[in-house]
Every structure is written in structure tokens, then in C-alpha cells.
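Q: no sequence for this one, just the structure:
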């Protein structure tokens, strides 16, 4: 008996090490939490996913509240609501550098200091660092939210398939049969039919990538470092700017209409552009352009 007591005592004092399943579940619910927080910031609620409860638990609770609603109807309505939220998130633009800077100044209560002493070089560097961090966080949140919602749509689709309800999710077009009528929900993306600068960019996808990068970087930090990075990454790393369009030509082009930048010195090398700080943003924007191409929304 005493030996059993000692065994229990040892168990109580042992540190708990979660197994792989526990770790994965923690990650799963953390990602859901990020998605739900982003939806909340958009004024959206989504009772079909939870940061604490599984699908089975949510369904059981729903069945208690509404015994007339079958699981099939629950799934149909759920997939519609999740898809609406996905459309809303995908249509939302990431925070701009100007918006991010205003938020940083407001959150850190720097407006009074700036009004009295202006933006010193040291203060501007501090603000730029926080702005880059805020933009990266916003990009990460948006990406995670889209992935979570797409996974949930896929799960609901599978469950409906088990009760012989046809659901198709292909190229981000969701359709399902309901009361003899096929209802199609679409996410509409912008359509640009041709490359406006064929002498610069290899295709219209490359132009759109530059366009989005410009909208993010134009007011962010050091223009020379930013546009040096854009050129070096697109031209030298990804071959999206034609080899014949050299750095000097690119610099002259972005200084004129419609971009009106102020880069009048020789571009920095790739390593001098602080690429680590900018690469996360670049990869996100690039991924979105690849998504457009896969959906045949871009015709080159």
C-alpha cells in the first residue's frame, strides 16, 4: 500500500510532456483562434468553428438547441457561412504602410512628441521597424485565416459526401445541390487581361506582383532599399523582370508617372536591401499572384 502511495506521489510530481497529438491539437486550435479573431475584426461571427470545441461537440450542442435541424442541414448552412467568411477575408486588403504608421503612432502615443519635436531619424527608424512588424503580422493573420476556412470547407464537404449530398469545391468555386437547384458561390478577383509593360515584365502576373509590392513599399522606410529589393528579387532571383531591363532603366521608370518614386541613386545590392525584413511580404504577394494564375483569371 505504501509503495502504491509513493507511486502516486511520484506521478503527481512528474512534469507533463504533451504527446504529438496534443501538440498538433494545440496548433490546430491556435490557428482557429487567429482566424476567429480576424473574422471578429471584420464584424463577422462564425458559430460553425470554435477555438475550444470540436465539430462533434458543436453539432451536439446545436442539436440540443434545435432538434428539428438535421446534421445535413447543419452542414449545408455551415458550408455556406464559412464560404461567405472566406470571400470576405479574401476581398480584404492587408494593412497599408500609411495605415500601419498611423496605428503605431496612435498605439504608442507618439503624436504629442512628434507635434513638439517632429520625427527624428531615430524615431522614424523605430516607427518603421514597428510598421514592418505590423504588416507582417497582418499578412500572417490573413494567410492563416484563409487556410483555416478552406480546411473547414473541405471538412464539411467530406461530411456531406457521406450522406450523399453532392458538394464540389474546385478552383475556389463552391457548388452544391439544394432543393433541385444548383447554387454556385464565387469569389471574384480582379481581372487584368494584358501586360501593360511587356518590355519590362515577363507577363501580366509579374506586373501585378510589382503593383502590389509598390502599394505596400512606396511609403515604407527607405525607398532606395525597398525598390532595390523589389528589382533584385524580381529580376535576379525570380526572373520576372526581363534581363534587358537593367537596374538603371528600372530606376528611371519608377521615378516617372504613375509611380513617382524618389530613387535617384544607384540601386543597392541584394544583401544591402535587408531582404529578410521584406521577404515575408514578397512571398505573400507572390503567392496571391500564383493563385490568380491558377484560376485562369489572368490571360498573358
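A: Yes, it's here. Because the structure is a prediction, the values reported are computed rather than measured.
Q: all helices for the stretch 151-300 of the chain, in order.
A: Applying DSSP state H, counting those that start in this stretch to the stretch 151-300 of the chain gives helices spanning 204-217, 223-231, 247-254, 275-294.
Q: lowest-confidence stretch among those?
A: Mean pLDDT is lowest for helix 275-294 among the helices of the stretch 151-300 of the chain, at a mean of 68.
Q: any idea how far residue 151 is from residue 95?
A: Counting by Cβ to Cβ, to the nearest Å, the separation of residue 95 from residue 151 is 24 Å. All C-beta atoms are positioned from the backbone trio N, CA, C, and that covers glycine.
Q: the two: which is more packed in?
A: residue 95 (20 against 16; other Cβ atoms under 10 Å).
Q: surely the more buried one is in a strand?
A: No: with DSSP: H, G, I helix; E, B strand; the rest coil as the criterion, residue 95 is located in coil rather than a strand.
Q: residue 262 is nearest to which of the helices of the stretch 151-300 of the chain?
A: helix 223-231 (6.0 Å; Cβ to Cβ).
Q: quick one: the closest one to helix 247-254, angle?
A: 110 degrees (axes from the mean of the first three to the mean of the last three Cα atoms, to 10 degrees).
Q: just checking, what packs against helix 223-231?
A: helix 204-217, helix 247-254, helix 275-294 (3 or more Cβ pairs under 8 Å, 6 or more residues apart in numbering; DSSP states H and E).
Q: and the chain, what are its domains?
A: Domain segmentation of the chain under automatic domain parsing yields 1-188, 204-294.
Q: in TSV, list those domains along with distance to residue 196.
A: As requested, the domains of the chain are exported to TSV (distance: least, Cβ to Cβ, whole Å):
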stretch	distance to residue 196
domain 1-188	21
domain 204-294	6
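Q: between the ones you listed, which gets the lowest average pLDDT?
A: Set side by side, the domains of the chain give their lowest mean pLDDT on domain 1-188, at a mean of 78.
Q: so what's residue 100 up against?
A: Applying Cβ atoms under 8 Å, 6 or more residues apart in numbering, we find residue 100 in contact with 131, 134-135, 138.
Q: between the host helix or strand of it and helix 204-217, how many degrees?
A: Using DSSP states H and E, residue 100 sits within helix 97-107. Helix 97-107 and helix 204-217 are oriented at 30 degrees to each other (the same axes, to 10 degrees).
Q: which element follows helix 97-107 toward the C-terminus?
A: Assignment by DSSP H and E places the next element after helix 97-107 at helix 111-117.
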